[in-house]
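Asker: When you get a sec, could you give me coordinates for this:
(one chain, ligands or ions: 1)
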Amino acid sequence: MKKQSKLPIYSGAPPEKVAADLEPLVDFQKEGISLKTLSRLIEERLLPHLMRYDRPEFHSMFNFFPEEGAEFGANIALLYNQGVTNWQVSPGGAMLEELCGRALCQLFGLFPGSDATFMYSGTYANQEALYLALHWKAEKEGFDFSRKGLKGFPDPARLAVIASRDAHFSLKHAVRILGLGEESLVTLDVDKNRRIDASLMEQKLSELRRKRDVFCAVATAGTTSTGSVDPIPPLAEACNKLGAWLHVDGAYGLAYSLVPEWKPLFTGLELADSVSWDPHKQFGVPIPSSLLFVRRREDFERMALYGDYFNPEGQGEPNPGLKSPPSTRPFSALPLVTSLRYQGLKKVVERLRLPLDAIQTLAEKLKEEEDIELCHQPDTGILCFRIVPQGFPEDNLSHLQKKIYEKIMAEGKRTISMTKLDDKTVLRLVAVSPSVTADSILETISCVRRLAVEYQT
Ligand SMILES: Cc1ncc(COP(=O)(O)O)c(C=O)c1O
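Answerer: The predicted structure follows:
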């Protein structure tokens with residue numbers, strides 16, 4: 001298949017046009033077609049509508065193009081054992097997952113004796129973390145949560161999780177699915193850089209203490225909207241006082257703790273009871289590749305479910321399926337291992353640093369610009385801003401940002417995203433790939449300015 005280098009970043013076509021183009025692909029017929037014909041069909045009908053993550057103009061989300069070493073491992077997994085359900089189906093896969101998890105615990109400087117499990121996504125990693133936290137709480141109250149569930153607690157309505165107001169919505173999913181309901185998620189205010197404001201937290205917690213029983217606090221190490229890293233030590237201290245579990249959601253941000261200049265932001269990581277991480281966000285490994293780390297290896301025993309034919313009790317071999325729910329599980333460890341070995345940690349860190357530097361440089365440049373309002377000082381690789389043309393009415397600014405976002409996406413030359421911070425609609429630039437440079441993002445800013453002028457004329 002031809003390389004797409006001359007094509008736009010994507011077609012920019014509306015859903016009706018994309019559907020019409022794709023229709024022939026799902027015309028399932030009695031007879032098959034040759035791979036050559038299939039190739040042409042895909043090239044003409046599908047590829048124009050796929051997004052080019054490798055381009056310097058891709059500034060919208062956490063998607064990544066394949067890293068060479070990762071691709072190598074992914075192909076081997078596909079060819080041999082793409083599933084590592086347990087020892088019976090892939091002894092090498094099960095053991096590599098085990099060893100890789102432990103090596104990563106060391107790499108991130110987690111607590112000695114910590115352990116990891118591979119997951120399908122950050123969403124599920126967060127969910128399992130909250131389950132473990134609840135289980136732990138139940139143990140302290142003298143019952144087995146896996147048997148009794150929520151009804152074991154004298155008043156389940158008191159149970160609460162605290163997290164930043166900017167925490168990822170997967171926490172809402174988690175409390176819903178655990179039967180706690182969204183009301184159990186109590187949000188903490190953020191400071192001007194959108195990190196949990198530790199000075200306001202104390203007051204909030206003392207108000208909360210009378211009414212609620214906080215069993216888990218979540219620090220987001222790299223929020224989805226702004227990439228802000230919540231301060232871990234004050235949350236760890238609050239957990240100590242409350243007798244609560246500390247979870248760090250590092251789905252997006254944890255990778256940046258490997259970059260020496262960024263490491264101080266992650267101080268206190270070793271205090272966490274659990275940490276989630278998504279290598280599929282900026283490592284160039286195939287989706288899914290997520291991990292949940294726990295502080296004590298035994299923590300995973302709370303997840304174990306034995307089956308007579310499948311995971312019988314008392315077997316000594318490593319069995320990934322005893323640490324997290326899926327029984328059919330992808331061999332996500334292999335592409336991660338081959339990628340890290342192929343590049344070496346030095347190159348990994350260099351690649352992670354490039355988009356971070358690009359966003360820092362951009363923020364410095366934009367600080368002085370009168371028509372740009374920066375919404376925060378960036379901690380990692382995300383910058384949110386508003387274009388604020390001189391004299392433009394405040395109450396129409398959100399509409400302006402939205403229209404600019406829509407136009408940029410429809411042009412198909414570059415991408416940007418949009419989010420809401422408090423009640424303001426803002427534009428969001430994300431740099432995850434090493435091919436994104438400050439200049440490529442500045443071109444997006446020029447484009448925003450051009451569209452703001454067009455909007456007003
Ligand atoms: C901070 C954070 N947590 C959790 C998630 C969920 O991860 P996943 O998309 O892998 O389910 C995301 C996704 O962007 C995220 O940014």
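
Asker: which residue ranges form the helices in the stretch 251-400 of the chain?
Answerer: 279-282, 333-367, 397-411 (DSSP state H, counting those that start in this stretch).

Asker: now for the next helix or strand after the last one, which elements pack on it?
Answerer: Note on helix 397-411: by DSSP states H and E, the next helix or strand toward the C-terminus is strand 417-421. Packed against strand 417-421 by the contact rule (3 or more Cβ pairs under 8 Å, 6 or more residues apart in numbering; DSSP states H and E) you find helix 397-411, strand 424-430. Where you see a C-beta, it was placed from the backbone N, CA and C, and this is true even at glycine.

Asker: any idea which of the ones you listed is most buried?
Answerer: Stretch with highest mean neighbour count among those: strand 424-430 (a mean of 22; mean count of other Cβ atoms under 10 Å).

Asker: Taking the stretch 101-250 of the chain, what residue is nearest to the ligand?
Answerer: G122 (2.6 Å; Cβ to the nearest ligand atom).

Asker: go on, the stretch 301-450 of the chain?
Answerer: Taking Cβ to the nearest ligand atom, the stretch 301-450 of the chain has I382 as its residue nearest the ligand, at 9.7 Å.

Asker: In this structure that residue contacts R428, no?
Answerer: Yes - contact criterion Cβ atoms under 8 Å: I382 and R428 qualify, at 6.5 Å.

Asker: Mutual contacts of the two, please.
Answerer: Residues touching both I382 and R428 (Cβ atoms under 8 Å, 6 or more residues apart in numbering): 225-226.

Asker: Name the residues of the chain found near the ligand, please.
Answerer: 62, 121-123, 126, 168, 170, 220, 222-224, 249, 251-252, 278, 290 (Cβ under 6 Å from any ligand atom).

Asker: one more time with 8 Å
Answerer: 61-62, 120-126, 167-168, 170, 220-224, 249-253, 276, 278, 280-281, 287-288, 290 (Cβ under 8 Å from any ligand atom).

Asker: So which of the residues you listed are in strands?
Answerer: For the residues of the chain next to the ligand, the ones inside strands are 220, 249-250, 276, 290, with DSSP state E as the criterion.

Asker: how about JSON lines for those residues, with neighbour count and pLDDT added?
Answerer: As requested, these are exported to JSON lines (neighbours: other Cβ atoms under 10 Å; pLDDT from 0 to 100):
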{"residue": "T220", "neighbour count": "30", "pLDDT": "98"}
{"residue": "D249", "neighbour count": "31", "pLDDT": "98"}
{"residue": "G250", "neighbour count": "27", "pLDDT": "98"}
{"residue": "S276", "neighbour count": "31", "pLDDT": "98"}
{"residue": "S290", "neighbour count": "24", "pLDDT": "98"}
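
Asker: returning to what we had before: only whichever of the residues of the chain next to the ligand are buried, select them in PyMOL.
Answerer: In PyMOL, a selection of the buried entries from the residues of the chain next to the ligand looks like this (16 or more other Cβ atoms under 10 Å):
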select buried, resi 62+120+121+122+123+124+125+126+167+168+170+220+221+222+223+224+249+250+251+252+253+276+278+280+281+288+290
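
Asker: related to what we said a few turns ago, can you tell me which of the helices of the stretch 251-400 of the chain is nearest to A198?
Answerer: helix 333-367 (23.0 Å; Cβ to Cβ).

Asker: what does the one helix or strand in the chain whose mean pLDDT sits lowest rub up against?
Answerer: Among the helices and strands of the chain, helix 198-211 carries the lowest confidence by mean pLDDT, DSSP states H and E, at a mean of 91. By Cβ under 8 Å, 6+ apart, the list of residues contacting helix 198-211 from outside reads 158, 160, 162, 186, 188-189, 214, 231, 234-235, 238, 241-242.

Asker: Report the buried residues of that helix.
Answerer: Of the residues in helix 198-211, those buried (16+ other Cβ under 10 Å) are 198, 201, 204-205, 208.

Asker: Just give me how far it sits from the chain centre.
Answerer: 28 Å (Cα atoms, centre = their mean, to the nearest Å).

Asker: now, which of the buried residues of helix 198-211 sits nearest G149?
Answerer: Proximity of the buried residues of helix 198-211 to G149 was ranked by Cβ to Cβ; the top entry is L208 with 23.8 Å.

Asker: Is there a neighbour count for the nearest residue in space to F72 that is not next to it in sequence? I'd like the number.
Answerer: Nearest residue to F72 in three dimensions, chain neighbours excluded: T338, at 5.2 Å (Cβ to Cβ, 6 or more residues apart in numbering). The tally of other residues near T338 (other Cβ atoms under 10 Å) stands at 22.

Asker: Quick check: which element contains P66?
Answerer: Residue-wise, P66 maps onto no helix or strand under DSSP H and E.

Asker: count of residues packed around the nearest residue in space to it that is not next to it in sequence?
Answerer: Nearest residue to P66, sequence neighbours excluded (Cβ to Cβ, 6+ apart): G284, at 5.4 Å. By the measure other Cβ under 10 Å, the count of residues near G284 is 26.

Asker: Make sure G284 is actually in contact with A74.
Answerer: No - counting by Cβ under 8 Å, G284 does not reach A74; the two are 10.0 Å apart.

Asker: who touches both of these two?
Answerer: Contacts common to G284 and A74, judged by Cβ under 8 Å, 6+ apart, are P66.

Asker: Please report the distance of M61 from T223.
Answerer: 14 Å (Cβ to Cβ, to the nearest Å).

Asker: about what we covered before: mind picking the two most distant members of the contacts of helix 198-211?
Answerer: The largest distance within the contacts of helix 198-211, taken as Cβ to Cβ, falls between R158 and P231 and amounts to 26.5 Å.

Asker: neighbour count winner among those two?
Answerer: P231 (17 against 13).

Asker: contacting residues for the more buried one?
Answerer: Taking Cβ under 8 Å, 6+ apart, one finds 195-196, 198, 219, 268 in contact with P231.

Asker: distance between stretch 216-236 and the chain's centre?
Answerer: Distance, centroid of stretch 216-236 to centroid of chain: 13 Å (Cα atoms, centre = their mean).

Asker: Provide a list of residues in contact with I9.
Answerer: By Cβ under 8 Å, 6+ apart, the residues touching I9 are 51-52, 55, 57-58, 412-415.
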